[in-house]
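Enquirer: what would the 3D arrangement of this be:
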Amino acid sequence: MNSGILVIAAQRELRRNLFDALDQAGYSHIHSARDVPHAAILLEGRPMLPPLQLIVVVFAGDEQQAQKCCEQLRRLPGGAETPLIAVLAEEASLNPAELPAGIVDWLNAAQISTELVARWRRSSSAPGPGSATVEPVPGGAHEDYRYVFEEGDGEWLIADPQTGRLLEVSPTVARHSRMHASQWQGLPLSQVLRFEGVSIQQVLAEADRRWYPCQRKSSQGVDTGQASVRRIRHAGQDALALMFRSDRADLRAEAALSLLSRMFTSTSGVDAQIAAGRLLFDELGLDYLAVWSARQDGADTATQILQLWNGEDPAWPPASLQSSLQLVLGGKPVLIRADARQLASMDPLLQQLGLAGFAGLPLYDERHTVFGAMLAGSRKGFGEMGIIEPVLRCAAARFSHVLELSRTREQGRAEGLVDALTGLPNRLLFNDRLDTIIREATRHGECFAVLFVDLDRFKTVNDTHGHAAGDQVLRVVTQRLCSSIRASDTVARYAGDEFTVVLRHIVKNDDVLRVAEKIVQVMEAPLYLDDGTELRVTASMGLSFFPDDASDAETLLKHADEAMYAAKHDGRNNFKIYEVSPEYAQQHGTALRSRLRHAEGNGELRVVYQPQVNTTTEDIVGMEALVRWEHPELGMISPAVFIPLAEETGLIVSIGEWVMRTACRQAQEWEERYGLRLRLGVNLSAVQLMEPQLLETVGRVLHETGLDPTLLEMEITESISIKEAPNLVENLHALHRLGCHIAIDDFGTGAASLDYLRRLPADRIKIDQSFVRNIGVDPDDEAIVRATIEMAHRLKRAVVAEGVEIEQHLQFLRAHGCDELQGYLFCRPLQPISFDNLLAERQRLLDVRTAEPA
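Expert: Residues are numbered from 1 along each chain as shown. Here you go, the predicted structure:
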């Protein structure tokens, strides 16, 4: 029976790549899991699965996370003895030297399709699909290393464990180092390899195949890379086999792929062009690199965009005399590994620079017209041309892309990045701006909104009045949209009759809603065509918020688009805010519950903080910690949707403890930094309140984080029945004795308000926002708010009003003695970095006032 292979990767794309690589190699029993708990469910739920032959796991975090993951893997059924290969994701912060012990081999994520199967078979004498396992000889040594030594591309050095001297090196070592094999024989390893952070004696003694950063001797000095050591049998004797992987991109495919990845992830522009050139120059060990642009007016003279040279500047010959450059600009590539000096007599550039290796590649635009050239050279010649040539061709493609984009901008944005009809940014420029806005907002902890605007029944205008009339309507719509926003905001024509808007620097969601309402109103006004025809064109809009709804451009736009269609479905001529509806949650409840089980472990949960202010001074006195779930596909899911799911499944206990610990740790950090004695409000659900271990959990969290218990306030909702929660009263009294404060949340919405105030040790009540928002609208709700404040004060309870959104709310609550306020009038819930900025700004203003003379 064939053995099974287990693949574990959090990212769906990497799971698919791993599965495809193994499937195409003929392995039939491949089990794919998101994480270790998911893998455990797979294995435990299917006892008849074949035994594990291999585990492939993707590491995307740090060394500690990798170590914890390996420990969990070893506890899986059959996992203790199963070989494990590590794949390092691009975002992983650990390096190969930090991999846990027991990893038989590793590779980068970019190498999955080309290296995974080969590494597995090579590193452990793995059987092919359907084959029997090759049994190792005693001690873990293998006799079958010779085929890898002779035929493989790896660098192998065989050493005598007694003398520490080299017995033999593979042909690849001689080729890469440019030292003959005879020059290596007998050398002490201490002269061949220099390890970083660990002695060579320790590496050789352990011989555990772990990878360590080091330098390997070469004819040019040293090459940097990593090396691992294993025990083998060589010529009938015990020996050590050292494998070296160079970091030079001209020698090793993995390093070349890493180089290209870094080049292509850089942004466009002159600075990025220079950065990419420097990266290529350094990683390939070039002595010369130049990028030329052919003149757009058809003139013969080319313009140099970039030049890097390792040496003193010679008298550079003009472009017209550089025959190699002219040949390349004419569309003829030049690739010479080591004997470019033979062209020196025909090209003064090569003659002056003394290059042995030389490459010249045309730069093509999207019409495959040559519009530039890339020249690269090395005095000592190039390394492996099978690696060098693809790298240079990909680099030329990168320079072509950047150069073409630069030319488009130079020719006038109206031709490529600005819509010719409206003068607005088009989709390409808008997407570029949105990416920039996201980077800035992430760096500064800001919030912004994306609006997707679609004209209602615009096709009818074109069909009835003609496309000229449609163009006029689009120009008027552009004017109306631009008049509705600030100078710092962005409006773009996304496509046809679709417009997109970015509203920057959002403090309150209400600000965005006012802009949306304004746009609806101005769009309702009649417009007149040139022939006097009156038209009424309305718009439907969808809104999404960064970072609440999504943290990337594609998902933000997707959610805004979905909300726009919801607005159309709701009758058009209005706007909708994106949300995962309760209906969706009901339809997809099973999937959401399953995903929620892994949300904490996958880092999808977030804690945001909303300030609470003193009604009189409007200074910050506290904050409420609120949990958010950032679903990888759906974006931010409302607590109204996922909290009930968490309560149904019992996950609320672990999620609640995580929120409490995260918030207490953050509050203690702010207390140490600013010393404001801010009260931290944390919500407790009915399920948590019934937990017998609640007091123990809270005490442990306070002890671990160091937060003063008197700064922690536990908020319980009034809808919890005292009769249905048997431990409720006892738990709350115990928390009160611990020093924590108790607040009754959503006060006024339940049926036992007076009973709550009598029996529970409440320090504070929070008036539900449904009453506060009706201040100035419903006299009955105003009366309820007044009576609640008066009753609470008579019972010596403080009062916090939630949902304070407009000045009228503030004035009413201040006039009737409400103690504290919370709502969008003052601040929306903030990410930790934004809340920290708020506290820092408060401190700065206080320092300025203190410094001012009396």
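
Enquirer: how about the longest strand along the chain: buried residues?
Expert: Looking across the chain with DSSP state E, the single longest strand is strand 221-234. For strand 221-234, the neighbour count (16 or more other Cβ atoms under 10 Å) marks 223, 225-234 as buried. Any C-beta I mention is one placed from the backbone N, CA and C, and that applies to glycine too.

Enquirer: residue contacts, residue 612?
Expert: By Cβ atoms under 8 Å, 6 or more residues apart in numbering, the residues touching residue 612 are 620-624, 679, 681, 800, 820-822.

Enquirer: go again with 6 Å.
Expert: 621-622, 820, 822 (Cβ atoms under 6 Å, 6 or more residues apart in numbering).

Enquirer: find the nearest non-adjacent residue to it, please.
Expert: residue 622 (4.0 Å; Cβ to Cβ, 6 or more residues apart in numbering).

Enquirer: show me what the one you found is bridged to.
Expert: Taking DSSP bridges as the rule, residue 622 bridges to residue 612, residue 679.

Enquirer: ok, it - how many residues close by?
Expert: 25 (other Cβ atoms under 10 Å).

Enquirer: wait, it sits on residue 676?
Expert: No - applying Cβ atoms under 6 Å, one finds residue 622 not in contact with residue 676, separated by 9.5 Å.

Enquirer: who does residue 425 form a beta bridge with?
Expert: Beta-bridge partners for residue 425, by DSSP bridges, are residue 418.

Enquirer: circling back to that earlier point, out of the contacts of residue 612, which comes closest to residue 441?
Expert: Closest to residue 441 out of the contacts of residue 612 is residue 822 (23.9 Å), distances taken as Cβ to Cβ.

Enquirer: next one: the closest one from residue 98, what distance?
Expert: 45 Å (Cβ to Cβ, to the nearest Å).

Enquirer: looking at the two, which has the bigger crowd around it?
Expert: Neighbours were counted for residue 822 and for residue 98 using other Cβ under 10 Å; residue 822 has more, 25 against 17.

Enquirer: quick one, what contacts that one?
Expert: 612, 800, 802.

Enquirer: if you set the cut-off to 10 Å instead, what comes out?
Expert: 610-613, 622-624, 681, 766-767, 769, 772, 800-804, 829 (Cβ atoms under 10 Å, 6 or more residues apart in numbering).

Enquirer: could you identify the buried members of the residues you listed?
Expert: Going by neighbour count (16+ other Cβ under 10 Å), those have 610-613, 622-624, 681, 766-767, 769, 772, 800-804, 829 buried.

Enquirer: pLDDT on the helix or strand hosting residue 449, on average?
Expert: Using DSSP states H and E, residue 449 sits within strand 448-455. Mean pLDDT, strand 448-455: 93.

Enquirer: parallel or antiparallel, list what pairs with it.
Expert: strand 498-503 (antiparallel), strand 539-546 (antiparallel).

Enquirer: now do the first one: distance to the chain's middle.
Expert: In this case it means strand 498-503. The chain centroid and the centroid of strand 498-503 are separated by 24 Å, computed with Cα atoms, centre = their mean, to the nearest Å.

Enquirer: repeat that for the longest one.
Expert: In this view, strand 539-546 has its centroid 24 Å away from the chain centroid, taken as Cα atoms, centre = their mean.

Enquirer: average pLDDT for it?
Expert: 91.

Enquirer: does residue 497 touch residue 537 like I think?
Expert: Yes - contact criterion Cβ atoms under 10 Å: residue 497 and residue 537 qualify, at 9.2 Å.

Enquirer: what do those two both touch?
Expert: 455-458, 461, 470, 473-474, 477.

Enquirer: of the buried residues of strand 221-234, which is the nearest to residue 337?
Expert: residue 223 (18.4 Å).

Enquirer: and residue 200, how close does it get to residue 215?
Expert: 11 Å.

Enquirer: if I read this right, the residue nearest to residue 612 contacts residue 613, doesn't it?
Expert: Yes - counting by Cβ under 10 Å, residue 613 is a contact partner of residue 622 at 8.5 Å.

Enquirer: tell me, what's touching those two both at once?
Expert: What both residue 622 and residue 613 touch, as defined by Cβ under 10 Å, 6+ apart, is the set 800, 820, 822.

Enquirer: now the strands: where do they sit in the stretch 251-400 of the chain?
Expert: 288-293, 303-309, 334-336, 357-364, 370-378 (DSSP state E, counting those that start in this stretch).

Enquirer: adding mean pLDDT, write the ones you listed out as TSV.
Expert: Converted to TSV, those look like this (pLDDT from 0 to 100):
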stretch	mean pLDDT
strand 288-293	92
strand 303-309	89
strand 334-336	91
strand 357-364	92
strand 370-378	92
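
Enquirer: quick one: low-confidence parts of the stretch 501-650 of the chain?
Expert: 507-510, 580-590, 635 (pLDDT under 70).
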